[in-house]
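> no sequence on this one, just coordinates:
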């Protein structure tokens with residue numbers, strides 16, 4: 001998207017101009033096919049800023065997914081199964097991280113919780129509220145769904161309705 005409607009796209013356009021137009025006065029001085037071919041292989045144009053962040057807010061999970069490498073890796077490193085884990089990210093650390101993500105990428109999707117089950121964190125709704133407090137950030141939750149309650153859904157619905165509409 002070569003237009004300046006976001007920080008990511010502005011940086012992309014800036015990189016594009018630096019790569020292709022620094023020594024030329026007009027766009028038509030270049031062969032557009034050559035630009036397209038060179039652009040699709042240029043890392044400075046393919047991935048400008050990160051727009052998806054995995055954040056693990058809880059280490060604990062049931063450890064029953066047959067395809068997941070997390071339980072084995074966690075057990076090797078910590079000498080306990082992740083079903084017994086107690087590590088959780090503090091809300092303060094999460095807020096600091098989300099603020100930095102907003103400042104750096106501006107527009108992004110925050111994925112909760114990478115490996116651990118996010119519903120094991122007692123402040124999950126607060127984490128969601130924090131992400132949605134920024135119009136340019138969205139939240140994505142990976143869960144086995146076993147701990148979802150009607151009460152949680154009702155509270156989440158309220159949070160989402162109170163948040164601005166997302167475009168990402």
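That came through, no problem. Since the structure is predicted, the reported quantities are computational estimates derived from the model, not experimental observations.
> In a strand, residue 53, correct?
Yes - using DSSP: H, G, I helix; E, B strand; the rest coil, the assignment for residue 53 is a strand.
> residues near it, how many?
19 (other C-beta atoms under 10 Å). Where you see a C-beta, it was placed from the backbone N, CA and C, and this is true even at glycine.
> That one contacts residue 108, correct?
Yes - assessed by C-beta atoms under 8 Å, residue 53 is found in contact with residue 108 at 5.9 Å.
> Can you pull the residues that touch both of these two?
Common contacts of residue 53 and residue 108 (C-beta atoms under 8 Å, 6 or more residues apart in numbering): residue 101.
> What pLDDT is listed against residue 12?
The model reports residue 12 with a pLDDT of 84.
> Tell me who's in contact with residue 115.
With C-beta under 8 Å, 6+ apart, residue 115 has these contacts: 56, 59, 61, 68, 70, 74, 82.
> Try it again at 10 Å.
By C-beta atoms under 10 Å, 6 or more residues apart in numbering, the contact list for residue 115 reads 54, 56, 58-61, 65, 68-71, 73-74, 82, 85, 142.
> ok, these vs residue 2, which is closest?
Each of the contacts of residue 115 was scored against residue 2 by C-beta to C-beta, and residue 54 proved nearest at 28.2 Å.
> tally of neighbours for the closest one?
Neighbours of residue 54 under the rule other C-beta under 10 Å: 13.
> Name the nearest residue to it, sequence neighbours excluded.
residue 114 (4.2 Å; C-beta to C-beta, 6 or more residues apart in numbering).
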